[in-house]
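J.: Fold the following.
(4 chains)
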Number of protein chains: 4
Amino acid sequence: MFVLVNLKAYPCDPVAVATAAHEVSESTGVRIAIAPQAAHLSAVADTGVETWVQHVSPVEHGSHTGSTLAEAAADAGAVGALLNHSENRLKLADLDASLDAAERVDFETIVCANDPDQIAAAAALGPDAVAVEPPELIGTGTPVSKADPDIVRDAVDAAAAVDASVDVLCGAGISTGEDLASAQDLGAEGVLLASGVAKADDPRAALEDLVDPVA
Amino acid sequence: MFVLVNLKAYPCDPVAVATAAHEVSESTGVRIAIAPQAAHLSAVADTGVETWVQHVSPVEHGSHTGSTLAEAAADAGAVGALLNHSENRLKLADLDASLDAAERVDFETIVCANDPDQIAAAAALGPDAVAVEPPELIGTGTPVSKADPDIVRDAVDAAAAVDASVDVLCGAGISTGEDLASAQDLGAEGVLLASGVAKADDPRAALEDLVDPVA
Amino acid sequence: MFVLVNLKAYPCDPVAVATAAHEVSESTGVRIAIAPQAAHLSAVADTGVETWVQHVSPVEHGSHTGSTLAEAAADAGAVGALLNHSENRLKLADLDASLDAAERVDFETIVCANDPDQIAAAAALGPDAVAVEPPELIGTGTPVSKADPDIVRDAVDAAAAVDASVDVLCGAGISTGEDLASAQDLGAEGVLLASGVAKADDPRAALEDLVDPVA
Amino acid sequence: MFVLVNLKAYPCDPVAVATAAHEVSESTGVRIAIAPQAAHLSAVADTGVETWVQHVSPVEHGSHTGSTLAEAAADAGAVGALLNHSENRLKLADLDASLDAAERVDFETIVCANDPDQIAAAAALGPDAVAVEPPELIGTGTPVSKADPDIVRDAVDAAAAVDASVDVLCGAGISTGEDLASAQDLGAEGVLLASGVAKADDPRAALEDLVDPVA
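T.: Now for the predicted structure:
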């Protein structure tokens, strides 16, 4: 199982969370990555944790003020990109171009989507993985794997029907080891979470609890 | 073959083009529809021509100032919706919601996309048809069927692999009967065009020439 | 006082509301205009009521699929344009271009804004009027003139400091004659409202009550 | 005179340009700042040069995946923010909120705008400075101060009429010392440039030439 912790724009200490994630990953053998704000990428990558960027712009080098260029994210130590998060929805054509941008720098990619239809559409663009995140469950603490297990199974089936090489992750409401285990039971290859770790009083303990079933 | 004429925001007389399209359709038996500005929908529909809207908003009835509500387009006489045109690209989640909106009022739908990957993604959302429009050919007068026939064949294959019930139309650069015939040869079920008719000195003659090979 | 009723994408009968508005305006001498969906413009204008469009695109005639061209809105009978409503916020440069578009067809213009700073910015672009609409009050039924009278006074002052010829309207939460009277007392030249009329059981009665203090 | 070099998403070495800028600033006494990609902020700030971010998002701490949080930019060493660049136009309400965000972390702010009307609107929002950048001159090598000196004078007047404390910078096409001197003659307090330095074969020499008239 792969665990990607999206720090969003939360008021957490990104280096502290990254350090904890790196140590928990090392001690348990579970793959854990951290996705900080672009401006925090190099500080997070310096902890040794696997570092992802929260978005890359659908552009190449050029006149693009205020963009998040894939090459700049790679320079800062990122090795993967989260795309089309529900808080940063992309146009279909831009999503395709952002995947091209990520590919230029050999980033691993995860595309978020709301439901099985959109998961199938995302899978058709050839990312490494897709993450199903019903918007109504994001940030609720109610895991999608419990609230709507069928949507996870349907997402796994929908992605497989389009491209069997695309993994499916489970997002929205994941916070405990039990959530992660049930995501795995439903066919997910990983989980995408945010507040459950980033806003935890003790991010290390939260991560240890999270990965316990697969450690 | 289905011919959809997108009037965009061109300085043409929408009623005159619609009237010509209706008459050519009636006299030749070829299905021709006109997609005017939303504000021109009722005037165009009054000519008797099949009328499409150029876009519908991904919303339901509610507080959405300045939107193009599917129900309002239907009230004005539209029976179909063009979505995700390269001049009006939608977010993946909004495209899915706009298709839901169109379905509420039983609109026929065509989703535009740049290339075979995006065609596959669009097809996964379940529209009636997709239209392949390489952006670099739009408005050039060079038909995609001539400039890049493989992209049309690949689009037909990509759509069929995802959902065999989704038709493929050929957009970008179509203006003559020869273009339409070659689109048909490549597996397209119709053509999407704009300036070739809307900016023609004689829209009726342009339409007659266009549909001649299939009339 | 000027009363502009924004029908948004509400499930009301736009022709019935427009007819009522026209009759109340005729019988009371109070200026009342209706802003329907673009697709409903011609049906609304046919009632004889003063008709506004809810938005115009920042473009000229050309390749702009899915836009709301000022000229098309004018063809359908609109004589004014609401711009930058909180449900349809525009980029500063586009707002300027939409005002240019509206000017091409001699539309009267109202630009919405959240607070006095943004009112001053909007006034600097030279619209006929600005409307102050604190987002937190929209649709609440609590009139801005009661909840936060200072924001209306400050908006009047802010607009006057930039351009004394720009009128200020009061939006957000207006529904009764009392609300309209207090808006007038605070220096507003009109009111912008929506649900108070469009979602009323009896739009005519709602309008009669609304304009009673100035009839 | 203040010189702000926007590195956009150019394929330059940001640390090399920043180092050169820092040294030229130190040796000449002219204030020079560098605005890199967000992911490059900390590497650029480590050179000692005054560091600006190319954009900040109109948000506070919270669920905003893929944003550019002002606090994160400040953590990485930025002390100023460029806003509303023509390649990253903001909605009026978001521009106001981005200025609030920049103020939270005591950033100095420059808001770009196309022409004197928009300069006045931008000035009304209370930034430290505005930069007039006619879009048609960006990247041309033709300085606005030569191509259209009146637009600079008018921008200076327009800003002063709204808020005399707001400085005006001259953007678009600036690359030489002569350009900088003429901007100063027209009343500008600084220049905003990009390719003239970032794409120069020798950025240090380009900067030395640029600041020579005021060194």
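J.: what's the distance between the helix or strand of chain A with the lowest mean pLDDT and the middle of its chain?
T.: When the helices and strands of chain A are scored by mean pLDDT, DSSP states H and E, helix A:144-147 comes last with a mean of 76. Counting by Cα atoms, centre = their mean, to the nearest Å, helix A:144-147 is centred 17 Å from the centre of its parent chain.
J.: what does that helix contact?
T.: A:132-134, A:137, A:151-152, A:170-174, A:179, A:182-183, A:185-186, A:188 (Cβ atoms under 8 Å, 6 or more residues apart in numbering or on different chains). The C-beta positions use only the backbone N, C-alpha and C, and glycine is treated the same way.
J.: Check stretch A:94-104 too.
T.: Here stretch A:94-104 has contacts from A:55-60, A:69-71, A:81, A:83-84, A:90, A:109, A:111, A:122, A:125-127, B:89, B:92, B:114-115, B:117-118, B:121, using Cβ under 8 Å, 6+ apart.
J.: Keep only these that also lie close to chain D.
T.: Subset of the contacts of stretch A:94-104 in contact with chain D: A:55, A:57, A:59-60, A:69, A:71, counting by Cβ under 8 Å from any Cβ of the partner chain.
J.: Which parts of chain A are strands?
T.: With DSSP state E, the ranges of strands along chain A come out as A:2-6, A:31-35, A:50-53, A:80-83, A:108-113, A:129-132, A:167-170, A:190-193.
J.: which of those is buried the deepest?
T.: The highest average neighbour count among the strands of chain A, using mean count of other Cβ atoms under 10 Å in any protein chain shown, belongs to strand A:129-132 at a mean of 29.
J.: how much space is there between the residue nearest to A:V30 when sequence neighbours are not counted and chain B?
T.: The spatially closest residue to A:V30, leaving aside those adjacent along the chain, is A:V211, at 4.2 Å (Cβ to Cβ, 6 or more residues apart in numbering or on different chains). Per Cβ to the nearest Cβ, to the nearest Å, A:V211 is found 30 Å from chain B.
J.: how many neighbours does A:V211 have?
T.: 23 (other Cβ atoms under 10 Å in any protein chain shown).
J.: likewise A:T176?
T.: 17.
J.: Hmm, A:V211 and it touching each other?
T.: No. Shown here, A:T176 and A:V211 do not form a contact pair, counting by Cβ atoms under 8 Å, at 10.6 Å.
J.: Report the contact partners of A:V56.
T.: Here A:V56 is in contact with A:68-70, A:73, A:81, A:83, A:98, A:101-102, A:107 (criterion: Cβ under 8 Å, 6+ apart).
J.: Ranking by neighbours, what's the top pick from those residues?
T.: Counting neighbours by other Cβ under 10 Å, A:A73 comes out on top of the contacts of A:V56 with 32 neighbours.
J.: What's the separation between the closest residue in space to that residue that isn't next to it in sequence and A:L180?
T.: Sequence neighbours aside, A:V53 is the residue nearest to A:A73 in space, at 4.1 Å (criterion: Cβ to Cβ, 6+ apart). As judged by Cβ to Cβ, to the nearest Å, A:V53 and A:L180 stand 23 Å apart.
J.: what do you get for A:A131?
T.: 14 Å.
J.: On the pLDDT front, check A:I174 for me.
T.: pLDDT for A:I174: 87.
J.: What are the phi and psi values at it?
T.: With angles defined as degrees, to the nearest 10, A:I174 sits at phi -80, psi 130.
J.: who touches it in this structure?
T.: Neighbours of A:I174 in contact, by Cβ under 8 Å, 6+ apart: A:143-145, A:180, A:183, A:191-193, A:196, A:210.
J.: among those, which two are most distant?
T.: Maximum pairwise distance among the contacts of A:I174 (Cβ to Cβ): 15.1 Å, between A:V144 and A:L210.
J.: contacting residues around the residue lying farthest from the centre of chain A?
T.: In chain A, the residue that sits farthest from the middle, by Cα atoms, centre = their mean, is A:S63; the gap is 28.3 Å. Counting by Cβ under 8 Å, 6+ apart, A:S63 touches D:8-10, D:87, D:138-139, D:194-195.
J.: What remains of those residues if I keep only buried residues?
T.: D:8-10, D:87, D:138-139, D:194-195 (16 or more other Cβ atoms under 10 Å in any protein chain shown).
J.: who touches A:P14 in this structure?
T.: A:7, A:34, A:36-37, A:40, A:43-44.
J.: Give me the subset of the residues you listed lying in helices.
T.: Among those, the members falling in helices (DSSP state H) are A:43-44.
J.: if we look at chain B, which of the contacts of A:P14 are close to it?
T.: Within those, nothing lies near chain B by Cβ under 8 Å from any Cβ.
J.: between the contacts of A:P14, which is nearest B:G29?
T.: A:Q37 (60.1 Å).
J.: Please enumerate the helices of chain A.
T.: Along chain A, counting by DSSP H, helices occupy A:14-28, A:41-45, A:70-75, A:92-104, A:116-123, A:144-147, A:149-162, A:177-185, A:195-198, A:203-211.
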